[in-house]
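S.K.: Build me a structure from this.
(2 chains)
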There are 2 protein chains.
Amino acid sequence: MKMAVSVLLLATSALRGAEAPPGPLSDASRRSIETARDAALKGTGAAGLVRSLSDEVGARLAGSAGDRAAVDWAVRKLKEIGLENVHSEKVTVHHWERGEESGEVTAPVVQKLVLTALGNGVGTPTEGLEAEVLRVGSIVDLKALLEKSPEAARGKIVYFGQKMERLRAGKGYGDAVPIRVAGATEAARGGAVGVLIRSVGTNTSRVPHTGVLLYDDKLPKIPAAALSPPDADLLDRLSAGPGPLRVRFRLGCQWKPDEESANVIGEVRGSSRPEEIVLLGAHLDSWDLGTGALDDAAGVGIVSEAARRIAKLPRRPARTLRVVLFANEENGSAGSRGYEEAHKSELSRHVAATELDLGTDPVWQFDTLAGPEAEAAATQLAALLSPLGISRSATGYAGADIDLLRVAGVPLFGLHQDASRYFDYHHTADDTFDKIDPGGLDRCVAATLTFALYAAEVPGGFGRLPEALRKTEK
Amino acid sequence: MKMAVSVLLLATSALRGAEAPPGPLSDASRRSIETARDAALKGTGAAGLVRSLSDEVGARLAGSAGDRAAVDWAVRKLKEIGLENVHSEKVTVHHWERGEESGEVTAPVVQKLVLTALGNGVGTPTEGLEAEVLRVGSIVDLKALLEKSPEAARGKIVYFGQKMERLRAGKGYGDAVPIRVAGATEAARGGAVGVLIRSVGTNTSRVPHTGVLLYDDKLPKIPAAALSPPDADLLDRLSAGPGPLRVRFRLGCQWKPDEESANVIGEVRGSSRPEEIVLLGAHLDSWDLGTGALDDAAGVGIVSEAARRIAKLPRRPARTLRVVLFANEENGSAGSRGYEEAHKSELSRHVAATELDLGTDPVWQFDTLAGPEAEAAATQLAALLSPLGISRSATGYAGADIDLLRVAGVPLFGLHQDASRYFDYHHTADDTFDKIDPGGLDRCVAATLTFALYAAEVPGGFGRLPEALRKTEK
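M.R.: Residues are numbered from 1 along each chain as shown, chains lettered A, B, ... in the order given. As a prediction, this is how the structure comes out:
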């Protein structure tokens, strides 16, 4: 039924798009956006939503019981806050389970190690994996070493010691994350039997960071774990000493049968162009170690609350706002792919998309991934965001779940939150509600709502992505 | 042999004490202390000692294998750095072992809890202890509640939610620690079956703080654990909600047979009054969760390095400096009692004592627990400490291991370190070497060495404690 209506509207929409070129908004519309934006700064319900998801559902790794509970929670909650067309759309997810994990230095001294398995990794034998440690810095360092000494890693546990830099932008993470994603593959290529990495994070506590790794099917899949920063420091000190450094670790992680999960969707239907869609994304799943308060109950709370406030405005915006809470962002992206497949016929009518997935702190940068014809509108939108302390950037990144929409030419917008503190907690047991700053969330709601109202109203939208930008990052 | 010599010297010393009243030091002596003090600020070997103990021995709870390794380490190390009369003095210690521990909220939601058993506590049945939670703030709050409703705690798990304040002085700890020490006793008095406390600490990470509890032998001994701060926050939020809050936890802790441990002693023998002793204390044992870098490898490093530097000075001080690394400070004080018993005949010749047991940050306060006749000397000593940014305070506390020396009238001196950061790590898995600040340790060495040289040289010493102060705090 939805599809049939969609097809009818598609023609109308395409026509309208051609009739009205992208362009700035009227002064009256601009003023009503400013009013809604400033009202959000006085306090929103975002923290309440985050608390409900993180305290009442908690951890929700794809395929787990928590994941199913989260889908039920989201359907119930989006209805409760007054969104329309609330429904779930099934996706099949792989189901990885962590199990027990432990480790220790066995020589030249005996010391316990606090570590956690990297997501989607294989387990060790029950008695553990023990070997001599080869310390390298980065992937580049390992490759350079293997170039010179091809047997240097054979039979060893390769330990990647690269440190992540604390930055306001996500670049620190981008620089360090290759050791997590590709470390096991590159070590296996050199004949290693296991991998340890310094956690990709900025904390100094005995709390390790998980996150996905990718194996190369042509190489042996070797167990891989992240050490807490103090444990990485210990290996740094011990590996600088005389005599071989040996480590043993046990990972009980394993794959279980595939499970059903779902994207959860709710809308504020447009008043005059309901067939045109502005997508507000966040992800519903989380890692298993914490309660996913920052990653990404925060994003769920921000986009849901922004939509709730817009639904209550005296006048509905022209286009439809669609909240999409994606499944399985953390370790498989089945939700992102599922959405793209299920909504293929609609994607040409996705006028703009954004995604909130960087915790609780305020948005400070606004990023546009759009063609030159969007520039006038993007400039006006940036001016509306500027009183929130948001400047324009040009990293060209918007979000993991909406990245696939690039292929269909959907303009993407990044509302980048301050990441300075985020990687203290990201993917750890410390991702819990006490880290949430309600005031920071309110500012994010104000930014998201400003973006959403603008995109839902701007005549002609933002055009389409140029061909050169229609490639995903993956 | 040692005892026989001691007895002979005792008479001489008492005579000398009467001959020379306490009084200030000569200008020449003062200047040589200043030179030694300022040299320490340029860098010392303290961090190297701390690293060696925390990395190479690691956790060393009384009675454990680590504890025995620490005694061997200390004897070897004090010899290595050139102290004299290095030896260990056996003490028998109770041996408590932690075992496995876990917990979760079971209603109204299911959430994992990160917790750790309180030291010397009893375990739970293997399947765990489950009950409804009664939240109170402090011990005072519980007592007030039981006064009004004597059955309020019966059959329940009492959760103490009191928060510790972050302060430069130790007062924040003193205010909050009763929930840990006395919580289980007071809850048992009200018929509770178990106790949870908010960790006595200032961190915000998912890392709980252990520490001893005391049971009352006339009451049931009930299991007790500390929650990490985020988990305490969770219970705070959930206990404010509707419906009963239930928790289950499992503690595998138990008593093992008593073991032998030892105080380790090393000296810089005095040049002219070797029978008179200035005691520099720290404790060798640690909790089992971290590597005891701050608590108290730091103190071990500071007092040992201060003694090492004094041993290398061109001229030995008049009195003997005695480094005492106490056993079992954390959960039994067998080392403190053992020292007092073994050295009873010498205590009248203990001219002064201090103890370093507050981590890595600089000394900022100097405390004297002495009689009025010590005032002139204490004032001159305070002036020597003042260039290190140390002011005089009057808390009257010097250290847990030397407190017993009060009974014998020994004047005690507190070199209080800045405690602002210390309780982020104290008694946790996060007490590891990466938290050590070598520069902070150097400043502590400078302060300790200044105290030690002054006390070893000052004519007539500091007199004896007045009767009113000859009571221990325990």
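S.K.: which residues sit in contact with the residue in the stretch 251-400 of chain A that chain B sits nearest to?
M.R.: Closest residue of the stretch 251-400 of chain A to chain B, C-beta to the nearest C-beta: A:T291 (7.0 Å). The way it works is simple: take the backbone N, C-alpha and C, and place the C-beta from them, glycine included. Listed by C-beta atoms under 8 Å, 6 or more residues apart in numbering or on different chains, the contact partners of A:T291 are A:54-55, A:57-59, A:297, A:431-433, B:111.
S.K.: rerun at 7 Å
M.R.: A:54-55, A:58-59, A:431-433, B:111 (C-beta atoms under 7 Å, 6 or more residues apart in numbering or on different chains).
S.K.: Same question for A:G241.
M.R.: A:G241 is in contact with A:P108, counting by C-beta under 7 Å, 6+ apart.
S.K.: Could you look up the SS state of it?
M.R.: coil (DSSP: H, G, I helix; E, B strand; the rest coil).
S.K.: Low-confidence ranges, chain A, go.
M.R.: Confidence mapping of chain A against pLDDT under 70 gives the ranges A:1-23, A:473-474.
S.K.: That one against chain B: which residues are in contact?
M.R.: By the rule C-beta under 7 Å from any C-beta of the partner chain, the part of chain A lying against chain B is A:55-56, A:58, A:109, A:111, A:114, A:204-207, A:230, A:233-234, A:237-238, A:291, A:429-430, A:432, A:434.
S.K.: Pull out the buried members of the residues you listed.
M.R.: A:55-56, A:58, A:109, A:111, A:114, A:204-207, A:230, A:233-234, A:238, A:291, A:429-430, A:432, A:434 (16 or more other C-beta atoms under 10 Å in any protein chain shown).
S.K.: so of these, which ones are in helices?
M.R.: Per DSSP state H, helices hold the following members of those: A:230, A:233-234, A:238.
S.K.: which parts of stretch A:436-444 are buried?
M.R.: A:436-438, A:440-444.
S.K.: And for stretch A:141-150?
M.R.: Buried residues in stretch A:141-150, defined by neighbour count with 16+ other C-beta under 10 Å: A:142, A:145-146.
S.K.: And stretch A:49-67, by the same measure?
M.R.: Of the residues in stretch A:49-67, those buried (16+ other C-beta under 10 Å) are A:49-64, A:66-67.
S.K.: Which members of the buried residues of stretch A:436-444 are the farthest-apart pair?
M.R.: A:I436 and A:R443 (12.9 Å; C-beta to C-beta).
S.K.: What are the boundaries of the helices in the stretch 101-250 of chain A?
M.R.: A:139-148, A:171-176, A:178-189, A:229-239 (DSSP state H, counting those that start in this stretch).
S.K.: for those, which one sits closest to B:Y215?
M.R.: Smallest distance to B:Y215 across the helices of the stretch 101-250 of chain A (C-beta to C-beta): 32.8 Å, for helix A:229-239.
S.K.: And the closest one, what does it pack against?
M.R.: Judged by 3 or more C-beta pairs under 7 Å, 6 or more residues apart in numbering or on different chains; DSSP states H and E, the packing partners of helix A:229-239 are strand A:129-136.
S.K.: contact partners of the strand it packs on?
M.R.: Residues outside strand A:129-136 that contact it (C-beta under 7 Å, 6+ apart): A:106, A:142, A:145, A:152-153, A:155-161, A:193-194, A:223, A:235, A:239, A:244-249.
S.K.: Tell me which of those fall in strands.
M.R.: Counted as lying in strands by DSSP state E, out of those, are A:106, A:157-160, A:194, A:246-249.
S.K.: if we can go back for a sec, going by distance to chain B, which of the buried residues of stretch A:141-150 wins?
M.R.: A:L142 (24.0 Å).
S.K.: pretty sure the closest one contacts A:T185?
M.R.: No. When contacts are counted by C-beta atoms under 7 Å, A:L142 is not listed as touching A:T185 (10.6 Å).
S.K.: residues of stretch A:80-89 that come out buried?
M.R.: So stretch A:80-89, judged by 16+ other C-beta under 10 Å, has buried residues A:81, A:83, A:86, A:88-89.
S.K.: taking the residues you listed one by one, which sit in strands?
M.R.: A:86, A:88-89.
S.K.: got the contact list for A:L325?
M.R.: Applying C-beta under 7 Å, 6+ apart to A:L325 gives the contacts A:74, A:263-264, A:282-284, A:300.
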